[in-house]
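Participant: A predicted structure for the sequence below; I have some questions about it.
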Amino acid sequence: MKDRILERLRIAYPDFVSGADLAQSLGISRVAVWKHMDALKQAGYDIAAQKGKGYRLNDAEQVLIPSLLKKRFHHTQWGTPLYYAERTESTNLWARRLLATEPIPEGAVVLAGMQTGGRGRLGRTWSSPQGGLYFSIILRPTLDLQRASLLSLVLAVACAQSLERFINYPCKIKWPNDVMIDGLKAGGILLEASGEMDRLDHVVAGVGINVNLFRQDFPEDILGLATSLAMATGRNHDLNTLLAHLLEDLARDYYQFLDKGFEYYLELYKEYCVHLFQPIIVNTGKGRIEGIHKDVDVNGSLLIEVNGESIPISTGDVQLIHYQEE
Ligand code: BTN
């Protein structure tokens, strides 16, 4: 019922919906409507109530409503089942716990309004306040374990392209899979693969996008490194519509990658790469390498030129030395 009420408020936004209309369309009493509204307010939803007008969900584009998402997203395989919580520790962690207890099909999505222990690559944390998108997709690709990392590159380019089209503002990639806007990080992907020997059993692809976040929402240590779609464009974006678009595009590119291979995405990846032909520093975990980024190869490795020699790098973190606008 909570979801159905939120859906009606969201559709009516920015108008109010009267208690009588809600009661009638939901087949419940006006007292029951009032009780549900009270519970929603207690749960943290910003609902305005005005005599003679009814109820309005303020900041409606900030609220994820699974039933609304399902109506806007039509992929046959992805998004079913859809697990949703207003808050969870980490959607990747939740997905992995589900996988340990239930037979979860490919395309299942685990979604949260906020995360209390969001995880990033290389053991980092991922700040996840309300206003961002935090979801994990369960995938069962027929791929060798070694090629699973290519999937994260493809998902990164799919994200960047999808977001760029949605917000109509340039989005790029920092190798391997950071989504960048104006030279700052706006999103990331955490791919956790599981399998035995060479065979991949499943992948949890966790995606985090800073959507309607502002300076005060970021922890101090990432200020100056992070941005959001709202900061770049100067306006908020509807989370449900954005997520529906993003899932649609991720699904299309995922199946196309399985069908055609990484080679099909290589040129597009390079086109979106923010540091191609730029000087960069890569922290490989074993040391720092500084050079000019020359290319990305078919294995997804970075090729950096250092003192005239081309060095392939397969894992690490890129630091931009300077950011040049196009
Ligand atoms: C990175 O370090 O760039 C990757 C960040 C990935 C964050 C997402 S948010 C949804 C999913 N759940 C997590 O705990 N992490 C990923």
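Facilitator: Thanks, I have it.
Participant: and the stretch 101-250 of the chain, which of its residues are near the ligand?
Facilitator: For the stretch 101-250 of the chain, the residues found near the ligand under the criterion C-beta under 6 Å from any ligand atom are 115, 118-121, 124, 126, 134-136, 178, 188-190, 206-208. Placement of C-beta: from N, CA and C, glycine included.
Participant: hmm, which of these are the buried ones?
Facilitator: Buried members of these, counted by 16 or more other C-beta atoms under 10 Å: 115, 118-121, 126, 134-136, 178, 188-190, 206-208.
Participant: Okay, and which of the residues you listed map to helices?
Facilitator: Within these, membership in helices is found for no residue, as judged by DSSP state H.
Participant: Just give me the least confident of those residues.
Facilitator: Within these, the minimum per-residue pLDDT falls on R121 (92).
Participant: mind listing what the residue nearest to that one when sequence neighbours are not counted touches?
Facilitator: Beyond its immediate neighbours in the sequence, the residue positioned closest to R121 (C-beta to C-beta, 6 or more residues apart in numbering) is L190, lying 5.8 Å away. Taking C-beta atoms under 8 Å, 6 or more residues apart in numbering as the criterion, L190 is in contact with 92, 119-121, 126, 205-206, 208.
Participant: can you map out the strands along this structure?
Facilitator: Listed in chain order, the strands of the chain (DSSP state E) span 47-50, 54-57, 82-88, 109-115, 133-139, 172-174, 178-181, 184-196, 199-209, 279-283, 288-296, 302-306, 309-313, 317-320.
Participant: Any chance of TSV for the ones you listed, columns distance to S152?
Facilitator: Supplementary listing: the strands of the chain in TSV, determined by distance: least, C-beta to C-beta, whole Å:
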stretch	distance to S152
strand 47-50	39
strand 54-57	35
strand 82-88	22
strand 109-115	17
strand 133-139	11
strand 172-174	11
strand 178-181	11
strand 184-196	4
strand 199-209	7
strand 279-283	17
strand 288-296	13
strand 302-306	14
strand 309-313	15
strand 317-320	14
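Participant: OK, now which residue of this protein is nearest to the ligand?
Facilitator: Among the residues of the chain, G188 lies closest to the ligand, at 2.1 Å counting by C-beta to the nearest ligand atom.
Participant: Send me stretch 154-165 as CSV with only the CA atoms.
Facilitator: These are the backbone C-alpha positions of stretch 154-165, laid out as CSV (Å, rounded to 0.1, in the frame of the first residue of the first chain):
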residue,chain,number,x,y,z
VAL,A,154,31.6,-2.1,-21.2
LEU,A,155,29.2,-1.2,-18.3
ALA,A,156,31.2,1.9,-17.7
VAL,A,157,30.9,3.1,-21.3
ALA,A,158,27.2,2.2,-21.3
CYS,A,159,26.7,4.2,-18.1
ALA,A,160,28.6,7.2,-19.4
GLN,A,161,26.7,7.2,-22.8
SER,A,162,23.3,6.7,-21.1
LEU,A,163,23.8,9.5,-18.6
GLU,A,164,25.1,11.8,-21.2
ARG,A,165,22.0,11.3,-23.3
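Participant: list the buried ones in it?
Facilitator: For stretch 154-165, the neighbour count (16+ other C-beta under 10 Å) marks 154-164 as buried.
Participant: same question, stretch 214-227
Facilitator: Going by neighbour count (16+ other C-beta under 10 Å), the buried part of stretch 214-227 is 217-218, 222, 226-227.
Participant: swap in stretch 196-211?
Facilitator: When burial is assessed from 16+ other C-beta under 10 Å, stretch 196-211 yields the following buried residues: 200, 202-211.
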